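Asks: Predicted model, plus sequence, below.
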Amino acid sequence: MTTDVVIRTHALVKDYGRTRALAGLDLEVRRGEIFGFIGPNGAGKSTTIRVLLDLLRPTAGRAEVLGQDPRAGGAALRARIGYLPGELALKGRQTAGSLLQTLARLRGGAGAKRIRPLAERFGLDLERPIRGLSKGNKQKVGVVQAFMHEPELLILDEPTSGLDPLLQREFLELVLEARARGATVFMSSHVLSEVEDVAARVGIIRQGQMVDVDDVATLRHHAGQLITLTFAEPVGPEAFAALPAVENLSLEGCTLRCLLHGEPDALLKAAARHHVVAWSAENRELEDLFLDYYRVPPEELDSAAEEASAHAR
Amino acid sequence: MLADRLPVLSSLLRERRRSLVLWAIALAAINATYVAFWPAMGAGEEMQALVENMPEGLVQALGYDAIGTPTGYLESTVFGLLAPALLLVFAIGAGARLLAGEEEDGTLELELAHPIARRRVVAERLGTLVVTVVALVAVTTAVVLALVAAVDMDVAASAIVATAAGLLLLVLGFGLVAFGLGALTGRHGVALGVAGGLAVLAYVTDALAALVDWGRWLEAFSPFSWYLGPDPLTTGWHAGSLAALAAISVVAALVALVAFDRRDVGV
Ligand SMILES: Nc1ncnc2c1ncn2[C@@H]1O[C@H](COP(=O)(O)OP(=O)(O)OP(=O)(O)O)[C@@H](O)[C@H]1O
Ligand SMILES: [Mg+2]
């Protein structure tokens, strides 16, 4: 296996009793990249991540982190990872500072020196008791402990939840700095917009399977453009229906609307045969594309899931 | 430094020192009060009269048949009832919370994602239980020894220490059963409920054994009988029954170490 792959899962299956959370997940995250792991509620993001941290053991299939099986890699492997849980639970009388010191001690002291500067950067008061902290302030504690020892791999489960927009930006800044020093970042989110500015690649997970992995640039291309053409008089759909790169065609009176993926050439030439009075081409938000994936009818994915589970057995 | 060598244990002790001190004070105060009442109660005639008027079965079940003697009084009040009851509440509660409780409320997640082996986490948390239970039993024993001397009760100090050793192993055993059940299932409620239920069952079985003809046979099943059956306050050390009590802790600890390493956490 190449050392350039930092996280790899192959046909990963995870069942909770009778619920299949992961149904043959294939994933590859390369060294030095920021990878966005996107999916709706219950898609299996946290399950995948918790397998990578050896908190869960796979039902079938393989997972590899930094070239090692998470369980076999054990404590030594986790020393190289920074993890921010999706549901961060922090309790107790002790102060945020003392909790962070304890966590640093679990790393043999690694990162203790960065606690203060990181806390200052995020406006976290280290003297406050944990149990009095707001959700956002607890999340800051989570961010500090994940980044403080400058790990070579960061695994972040919905890292920006609970942070206000200003702190979200500060957080993305921190992610970019981590990449600049050579770290790999694997972060999950519900929404593409949260990661698209920093991530080079994103993977989309739904019902325990990857439905797409792509460069953000390619995704933008796939997202396509919304085209609106207004003609001087009503036109028939025949001339436009079969055009390459044109989808979701609709004609209402003199107005044609469609979704364009790729070159507009054929569409423009077809339109030029009529009198065009107005036109607009609007770049679709990536979010819309993402919603397309959310809307894939479950049956289609189910057959794919069965295939994968048969594969796993 | 302890904090560097045993980071989990030391932070748990720091976190719980306040409640530990309160427990120690409560245990010391309650047990001391009972011993201090010996001259007025146990040695007095009113107590004898009261016991004589009680139904014989009840007297035996409660172990009050010898309440007029120093060892009998100490057994009926401190070692047979108050100390084990309070200490069991503490040990079972702590045992269930130290692993399953913190797993269930999610606070264990971060710790386990750190570079520390799961077995090590189990061992340090188990160690925390042992240290705190030993401390509370030691406080209780010290207070009883001091008060017994103060009110001039005729009980050998070495016999009190031998009984306290049995008490420690009994309480630790049930605490570790709660801990082990938590390690096995990850369910705080299961650990608490089953271990607490077993402790009550052991007490009731021991009390029943004093009443029925086949009681000797019943006693074999109750750790409570292993603890006070050989009458350590009079007869001192009994290696066999102490070993039987210790076996509970050893088995439960091994189960915890093995089971927690093998399963999913926080599901
Ligand atoms: N402990 C559990 N027991 C049973 N089912 C579970 C458990 N945890 C998760 N699941 C199920 O597994 C599936 C995947 O859950 P997971 O938490 O991995 O999703 P997620 O992508 O992280 O969702 P979210 O965005 O809401 O955090 C869901 O259907 C969920 O209901
Ligand atoms: Mg999640």
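Replies: Arrived safely. Ligands and ions are numbered 1, 2, ... in the order given.
Asks: helix or strand right after the helix or strand containing residue A:144?
Replies: Assigned by DSSP states H and E, residue A:144 belongs to helix A:135-147. Per DSSP H and E, the first helix or strand lying C-terminal to helix A:135-147 is strand A:153-156.
Asks: Give the pairing partners of that following strand; include direction for each.
Replies: strand A:81-84 (parallel), strand A:184-189 (parallel) (DSSP bridges).
Asks: Average pLDDT for that strand, rounded please.
Replies: For strand A:153-156, the mean pLDDT works out to 98.
Asks: How about stretch A:93-112?
Replies: The model assigns stretch A:93-112 a mean pLDDT of 95.
Asks: gap between the two ends of it?
Replies: End-to-end distance for stretch A:93-112, by C-alpha to C-alpha, to the nearest Å: 20 Å.
Asks: ok, residues contacting that stretch?
Replies: If you take C-beta atoms under 8 Å, 6 or more residues apart in numbering or on different chains as the criterion, stretch A:93-112 is touched by A:79, A:90, A:92, A:115, A:119, A:124-131, A:133, A:137, A:141, A:144-145, A:148-150, B:3-4, B:7-8, B:11, B:14-15, B:18, B:110-111, B:114-116. Backbone N, C-alpha and C define where each C-beta goes, glycine included.
Asks: Write the PyMOL selection for whichever of these are buried.
Replies: Command for PyMOL that selects the buried part of those, burial taken from 16 or more other C-beta atoms under 10 Å in any protein chain shown:
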select buried, (chain A and resi 79+90+92+115+119+124+126+130+133+137+141+144+145+148+149) or (chain B and resi 7+8+11+15+110+111+114+115+116)
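Asks: So for the residue of the stretch 1-150 of chain B at minimum distance from chain A, what's the nearest residue that isn't a sequence neighbour?
Replies: Relative to chain A, the nearest point of the stretch 1-150 of chain B is residue B:106 (3.0 Å; C-beta to the nearest C-beta). Of all residues not flanking residue B:106 in the chain, residue A:89 sits nearest, at 3.0 Å (C-beta to C-beta, 6 or more residues apart in numbering or on different chains).
Asks: residues contacting the one you found?
Replies: B:105, B:106, B:107, B:109 are the contacts of residue A:89 under C-beta under 8 Å, 6+ apart.
Asks: Of those, which is the most crowded?
Replies: Using other C-beta atoms under 10 Å in any protein chain shown as the neighbour test, the contacts of residue A:89 are led by residue B:109, with 22 neighbours.
Asks: Need the nearest residue in space to it, chain neighbours excluded.
Replies: residue A:85 (5.2 Å).
Asks: Surely that neighbour is in contact with residue B:113?
Replies: Yes: here residue A:85 reaches residue B:113: they are 7.4 Å apart, a contact under C-beta atoms under 8 Å.
Asks: For residue B:141, give me the pLDDT.
Replies: On the pLDDT scale, residue B:141 gets 97.
Asks: That one: helix or strand, and which one exactly?
Replies: helix B:118-150.
Asks: what packs against that helix?
Replies: On a contact count with 3 or more C-beta pairs under 8 Å, 6 or more residues apart in numbering or on different chains; DSSP states H and E, helix B:118-150 meets helix B:7-36, helix B:83-96, helix B:108-112, helix B:157-185, helix B:239-262.
Asks: contact partners of the second one?
Replies: Outside of helix B:83-96, the residues within contact range by C-beta under 8 Å, 6+ apart are B:23, B:26-27, B:30-31, B:128-129, B:132-133, B:136-137, B:140, B:167, B:170-172, B:174-179, B:181-182, B:188, B:191-192, B:195-196, B:199, B:203, B:224, B:227.
Asks: Could you identify the buried members of those?
Replies: B:23, B:27, B:30-31, B:128-129, B:132-133, B:136-137, B:140, B:167, B:170-172, B:174-179, B:181-182, B:188, B:191-192, B:195-196, B:199, B:203, B:224, B:227.
Asks: In this model residue A:49 seems to touch residue A:7, though I could be wrong.
Replies: No: at 9.8 Å, residue A:7 does not count as touching residue A:49 under the criterion of C-beta under 8 Å.
Asks: Those two: which has the busier surroundings?
Replies: Set side by side, residue A:7 and residue A:49 show more neighbours around residue A:49, with 25 against 22, by other C-beta under 10 Å.
Asks: who touches the nearest residue to that one once chain neighbours are set aside in this structure?
Replies: Distance criterion C-beta to C-beta, 6+ apart; nearest residue to residue A:49, sequence neighbours excluded, is residue A:157 at 5.0 Å. Counting by C-beta under 8 Å, 6+ apart, residue A:157 touches A:45, A:46, A:49, A:83, A:84, A:85, A:86, A:187, A:188.
Asks: Could you work out the most separated pair of the residues you listed?
Replies: A:45 and A:83 (13.5 Å; C-beta to C-beta).
Asks: Near residue B:197, how many other residues are there?
Replies: The burial count for residue B:197: 11, using other C-beta under 10 Å.
Asks: swap that for residue B:213, sorry
Replies: 6.
Asks: Could you grab the helix/strand/coil label for it?
Replies: coil (DSSP: H, G, I helix; E, B strand; the rest coil).
Asks: what are the phi and psi angles of it?
Replies: phi -70, psi -40 (degrees, to the nearest 10).
Asks: next one: residue A:80
Replies: phi -100, psi 0.
Asks: If you check the stretch 101-250 of chain B against ligand 1, which residue is the closest one?
Replies: Residue nearest to ligand 1 within the stretch 101-250 of chain B: residue B:186 (9.9 Å; C-beta to the nearest ligand atom).
Asks: quick one, phi/psi of that residue?
Replies: phi 70, psi 10.
Asks: now it: how far from ligand 2?
Replies: 19 Å (C-beta to the ion, to the nearest Å).
Asks: Which positions in the stretch 151-267 of chain B make contact with chain A?
Replies: B:263, B:264, B:265, B:266, B:267 (C-beta under 8 Å from any C-beta of the partner chain).
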